[in-house]
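J.: Compute the structure for the input listed below.
(chains A and B)
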Amino acid sequence: MSLFVEQICQLLGSGSNPFQHLEKSAVLQEARIFNETPINPRRCLHILTKIIYLLNQGEHFGTMEATEAFFAMTRLFQSNDQTLRRMCYLTIKEMANISEDVIIVTSSLTKDMTGKEDVYRGPAIRALCRITDTTMLQAIERYMKQAIVDKVPSVSSSALVSSLHMVKMSYDVVKRWVNEAQEAASSDNIMVQYHALGLLYHLRKNDRLAVSKMLNKFTKSGLKSPFAYCMLIRIASKLLEETEAGHDSPLFDFIESCLRNKHEMVVYEAASAIVHMPNCTARELAPAVSVLQLFCSSPKAALRYAAVRTLNKVAMKHPSAVTACNLDLENLITDSNRSIATLAITTLLKTGSESSVDRLMKQISSFVSEISDEFKVVVVQAISALCQKYPRKHSVMMNFLSNMLRDDGGFEYKRAIVDCIISIIEENPESKETGLAHLCEFIEDCEHTVLATKILHLLGKEGPRTPSPSKYIRFIFNRVVLESEAVRAAAVSALAKFGAQNDDLLPSVLVLMQRCMMDSDDEVRDRATFYMNVLQQKQKALNAAYIFNGLSVSVPGLEKSLHQYTLEPTEKPFDMKSVPLANTPITEQKTEFAPVATSKLPEKPGPTRQDIYQEQLAAIPEFQGLGSLFKTSEAVQLTEAETEYVVRCVKHTFARHMVFQFDCTNTLNDQLLQKVMVQMEPSEAYEVLHYVPAANLPYSQPGSCYSLVRLPEDDPTAVSCTFSCTLKYLVKDCDPNTGEPDDDGYDDEYVLEDLEVTVADHIQKVLKPNFAAAWDEVGDDFEKEETFALASVRTLDEAVGNIISFLGMQPCERSDKVPENKNSHILFLAGVFRGGHDVLVRSRLALADGVTMQVTVRSSDETVVDIILASVG
Amino acid sequence: MTAQTCPRQHQRTTMEIASLEPSLYTVKAVFILDNDGNRLLSKYYDKELYPSMKEQKNFEKNVFNKTHKADNEIAFVEGMTIVYKCSIDLFFYVVGSSQENELMLMAVLNCLFESLGQILRKNVERRCLLDNLDGVFLVVDEIIDGGVILESDPQQVIQKVNYRLDGSEQAYGFDLFDYIVGNIDGQTDRSQCA
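T.: Residues are numbered from 1 along each chain as shown, chains lettered A, B, ... in the order given. Here you go, the predicted structure:
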C-alpha cells in the first residue's frame, strides 16, 4: 500500500520529475505489454517515451535487451494511433545503432512512406533512410525519387534531407537523383527549395562549372527562402574565392544586392561574406559596414552580437573602415550581454586613438571577471595588438595584464596573458624588469606546467642579464622545492644559466645545484650533476656550448644518425657534425584574434621540410653516399609565371656536393614530355657528375629531375657559381581530350634562366640564444675584420635586411630589428658553414651618407672566415 | 567525396581562416535543461563534437553555468556559438559553430520555443514539459533532422506533429488511474515470474 502512496505523491508532487528514478530494467519489463492484444496505445506511448528518455540520458542498452525491446516495438505498427506511430519512428532512429536486425521494419516503413496518410510519409522516409545501407537504398530508389518530387512539402523535404545524409555513404546512388532535386528546387515551398539547393550543391560541389551554372540560375530566378539565400551567398563567396574572380564579377554584385534583402538573416550573411573576402577595398566594405552599424542598435541581442563580432573582424584588417561606427560601439560598452560589451571594447581598442586607450582599459577592467574565458582571450589579444601599435602604452598594459594574471582563469587564457607579457618584454627593453617580476609572481602559484617551464626558460635567458640577477634566484629555487618534475628540471636549467653568466652568483648557485643532486627525479638529478660539473670547470667556452646555446641539431635527424651509428659499429666516436642541423623556425605570424574555436590540435612538431627532402633524396640510388643533407634552399623560379613549362629549382647542399632538384610542370595539354632533364653549364670549376631525368611529364602533373654537382675541392673559396640551364626533353604530341600520346616524338629544348649558387647556400642558420657567450666560445683564433662602404643603401633597416639575406645567417638577440631614430646599429649573425664549422658575424653599421659597415667574422676554421669576407667584399 | 573523407583537423584549421563551407548542417546540438542544469532532452548532431556522454554533460554544465544567471540570448562557450532562452524553470539551447550565422540559430530556437509554447498551451515549464515529453521529442524531430533545419515555421511544426495535449485535468486523472493499474499489472507479472 505504501508503494501506491509513494507513486501518487510522486505524480502529484509539483517539483518532481516523473522520469527521474526510472530503472532501465523496470522499463524494459514494462515493454512486454507491447505484445498484448489489443494494444493500449496510451500506455505503450508512455513506455516508448520512457525508453527514449533513458537513451537520451545516456543510459546504456545492451544489444540483447535493445533488440528484444525493438522487436516488441515492431508490433505497435498494428495500432493506428498517430502519436504512437510517430514515437515508433523515433525509437527506430534512436535504436538504429544499438539493436540488431533493425531492417526488419523496412517493409512497414516503406508502406508508410508510400501510403495515404501524409502525416506518416515524411517521418517514415527519414526513419527508413536511417536504417538503410547502400544495397538496400537501391531497392527503395524508385520511392525516393518519387518522394523528392512529391507535392506534399513535408514529404519532399524529408526525402531531400535524407538523401543529403545518404550522400556520405552512397554518393553514386544519390547522384542519380539530381534531376528530381532540380525539379524540387523550383518548388513553391521555401523549405523544399532550401533543401533541394543544399542537396544539389553537395552533389555538384566538385564540379566548379556546374556550381557556377547553378548559381547563375538561382541568382536570376530569385528564391523565396531566406535560408536558401544564405546558402547561395556562401556558395557564391566560396566560388569567388576559388576562382579568384575580381570584385566586378556578377557573383559579387549578387552578394552585394543581398545587403538590401528584407530578411535580416540574409543581410547579415551577405555583410559577413563581404567582410571575410580577402583583398576587399575600403570602398567595397563600406556598404557592409553600414548595415552592420545599423544592427548594432537592434533590440535583438543575437543581432547586436553578430554585428559587433563581424565589425571586430573588419577592424583587424581595416580599422579605418570601422571608425564610422565608433559611436555605436561606444553605446554597446554598457550592454548587459558582456560578450557584446567585450567585443565592442576590443573593436574600439583597434580603431580608437591612443588617447582613448586608458579610458577603455578602465572600463573593461570593471567587468573582466564576469566574462567567459574565450572573451578574456580576445581582450588579451587586443591588448597585445595594441602594444605593438602604441609601444609607449606598455606600462598601462603591463599593469592590466598583471591584474588579469592574478584572476582565475583557464589555461588558454593564462597562456595568452603570458605570451602577451613576453612579447612586450621583447619589444620594449625598459619593460623587462617589471614584466619579469610579474611573471615571477605568477609562477609562485601556477598550476600549468607548460607555462611554468616556459617562464623559467625565459628567466634563465633574460634574468642573468638584468642589473640585479640575484633577486630571481629565490623564485627559481622555490620551484625546485615545490613543483612537479618537469618544472623542477626547468628550474635547474635556469639556475645553471645564472651561475654561468654571473661569477659572483656562482658559489651560491653551486650550493643550490648540490641540493638538486639529491632530487628524487632522474631528469632533475641528471641535469643538476651535468651543470654542476660544467660550472665547476669555470670555462667560458664550455658554458657557452653546454649551458647557453644548447644543441642546434634537428631532433629527428639526430635520432636517425644515432640509429644508423648503432647499426654499424665502428671504432670512431659518433660525430655530432654529421647530424643535420635544425632549421630555425620561422617566427609565427600572430594573426588570429577573433574568438576562434580554441583549437585542440596537438602541437607536435612534424618532420621539417628538410627532413622530407632528405628522405626523398636518400631514395634515389645515385645520391647515396653523399652524407647527410646540410641545407635545402628556398625554391627559385627559373621560368616566368605563365609559360609553357614551369620550372623551379631547390638547391640541396651536402658536405662536398650539391644536388639541384628541378620541379617541372608541363602546362600544355597536347604534349607529353619524356626523359626530361636540365642541362647545366657551370661558370666556375664546378663539375656536373650526374643527371637524373624525369621519365614522364604529363600535362599538369609536376615531376622532378635532378643534377648532381661536385664542389671544387682544390679551391674551397669558390663558393659562388653561375649555371646556365637548359631544359631538354622528348616531346610526344597527344590528343588534348583523351590524353593519348602519339608513338613518335622529337627532341626539343627550352632555355631557362640562369641559376646562382651563393655563399648563403653553404651556410645553415643557427640561433644562438646567447650570442656573447657563443662569441667567446669560438674565440679570436681566426678573427678577421674589414670595413666596407655600402653606398647604394639609404637606411639601416635596408642594410640589415641585405646582409641577412646575402649571408643566409640567423640574426641573434633580436638584432635584426633596428630601433627607430638611431644612426648606428650592431647586427649579430650566427650560422654553421658546410662541413660543420661554426661561424659568427658581428657587423657594426653606421649611417652617414651611405651606410658604413665594419664586419668582424669569427669561426673555428680560417678558410670559412676568408670565404665570408671575400664574398661580402 | 574527397571533402568528406578529409581529416577533421584539416577542416578545422581551414574553417578558421576561410568562411564556412556551404552546407545545410547548421545545428550542432540542441538541448533543454531544467533550472538545476539537469538534462531533460538533448540531441547532438555532429558526432565529432563531444562524442561521449561525459563530454556532452560537461559541455552542458559549462554552458549552463555561463548562461543561467542572465538571460542574454547569446553566448560563446568552448568555441561554439550558443543561442538560448529561458522560460520559468526551463532553459533552451541551440548550438552552432563559431562561424555560423547567429540569426539562423535564432530562427531554430524561436521555432522550437514557439512550437512548444503552442503544444503546452503556454505552460512552458518543467512539469508540463515532462508530462508531454513525447510531444516535445516529436517537435524537435520535426524542426531539426540530423543537424539540418527541417522546418522553421512553428505553425507548420504543430500541424505536422498533430499532437494532443496530455495532462489536462480530465486526462490527468485518467493517466493517474492508468499508471497505477499499469504498475499493478507489472507487479503481478513479476510475482508470477518468481
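J.: Please report how far A:Val167 lies from chain B.
T.: Separation of A:Val167 from chain B (CB to the nearest CB, to the nearest Å): 8 Å. Heads up, the C-betas are built off the backbone N, CA and C, glycines and all.
J.: no, scratch that, I was asking about A:Pro569
T.: 42 Å.
J.: What of A:Gln193?
T.: A:Gln193 sits 12 Å away from chain B, going by CB to the nearest CB.
J.: Pretty sure that residue sits against A:Glu183.
T.: No. Under the criterion of CB atoms under 8 Å, A:Gln193 makes no contact with A:Glu183, lying 11.4 Å away.
J.: In terms of neighbours, single out the busier of those two.
T.: Under the criterion of other CB atoms under 10 Å in any protein chain shown, the comparison of A:Gln193 against A:Glu183 puts A:Gln193 first, with 25 against 13.
J.: Could you measure from that one over to A:Val266?
T.: 14 Å (CB to CB, to the nearest Å).
J.: Just list the residues touching the closest residue to A:Arg415 other than its chain neighbours, thanks.
T.: Closest residue to A:Arg415 apart from its sequence neighbours, by CB to CB, 6 or more residues apart in numbering or on different chains: A:Leu451 at 6.1 Å. A:Leu451 makes contacts with A:Phe411, A:Lys414, A:Arg415, A:Val418, A:Phe442, A:Ile443, as judged by CB atoms under 8 Å, 6 or more residues apart in numbering or on different chains.
J.: got a pLDDT number for A:Gln7?
T.: Note on A:Gln7: pLDDT of 53.
J.: what's the answer for the one 3 residues further on, then?
T.: Looking at A:Gln10, its pLDDT reads 49.
J.: before we move on, what about B:Ile144?
T.: Value for B:Ile144, per-residue pLDDT: 95.
J.: does it really touch B:Val27, like I thought?
T.: Yes. Under the criterion of CB under 8 Å, B:Ile144 makes contact with B:Val27 at 5.2 Å.
J.: number of nearby residues for A:Phe782?
T.: 18.
J.: Who are the contact partners of it?
T.: A:Arg858, A:Ser859, A:Ser860, A:Asp861, A:Glu862, A:Val864, A:Val865.
J.: Got phi/psi on it?
T.: phi -120, psi 40 (degrees, to the nearest 10).
J.: nearest spatial neighbour of it, skipping sequence neighbours?
T.: A:Glu862 (4.5 Å).
J.: swap in A:Asp866?
T.: Closest to A:Asp866 by CB to CB, 6+ apart is A:Thr717, at 6.2 Å.
J.: Make sure I have this right: that neighbour is in a strand.
T.: No. The assignment for A:Thr717 (DSSP: H, G, I helix; E, B strand; the rest coil) gives coil, which keeps it out of a strand.
J.: what's the neighbour count on it?
T.: Residues within reach of A:Thr717, counting by other CB under 10 Å, total 12.
J.: and it, what does it touch?
T.: Taking CB under 8 Å, 6+ apart, one finds A:Thr863, A:Asp866, A:Ile867, A:Ala870 in contact with A:Thr717.
J.: what secondary structure does the third one sit in?
T.: Under three-state DSSP, A:Ile867 falls in the helix class.
J.: okay, the closest residue to chain A within chain B: pLDDT?
T.: Of all residues in chain B, B:Gly79 sits closest to chain A, at 3.2 Å by CB to the nearest CB. pLDDT for B:Gly79: 84.
J.: That one against A:Glu374, yeah?
T.: Yes. If you go by CB under 8 Å, B:Gly79 and A:Glu374 touch, sitting 7.1 Å apart.
J.: Who has more neighbours out of the two?
T.: A:Glu374 (24 against 17).
J.: After the lowest-mean-pLDDT helix or strand in chain B, which helix or strand is next?
T.: Least confident helix or strand of chain B, by mean pLDDT, DSSP states H and E, is helix B:8-17 with a mean of 33. As assigned by DSSP states H and E, the chain's next helix or strand after helix B:8-17 is strand B:29-34.
J.: what does that following strand contact?
T.: Contacts for strand B:29-34 (CB under 8 Å, 6+ apart): A:17, B:39-46, B:49-50, B:56, B:60, B:64, B:89-95, B:108, B:112, B:126, B:129, B:136, B:140, B:144.
J.: Whichever of the residues you listed end up buried, select them in PyMOL.
T.: A single PyMOL command selects the buried members of the contacts of strand B:29-34 (16 or more other CB atoms under 10 Å in any protein chain shown):
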select buried, (chain A and resi 17) or (chain B and resi 39+40+41+42+43+44+45+46+49+50+56+60+64+90+91+92+93+94+95+108+112+126+129+136+140+144)
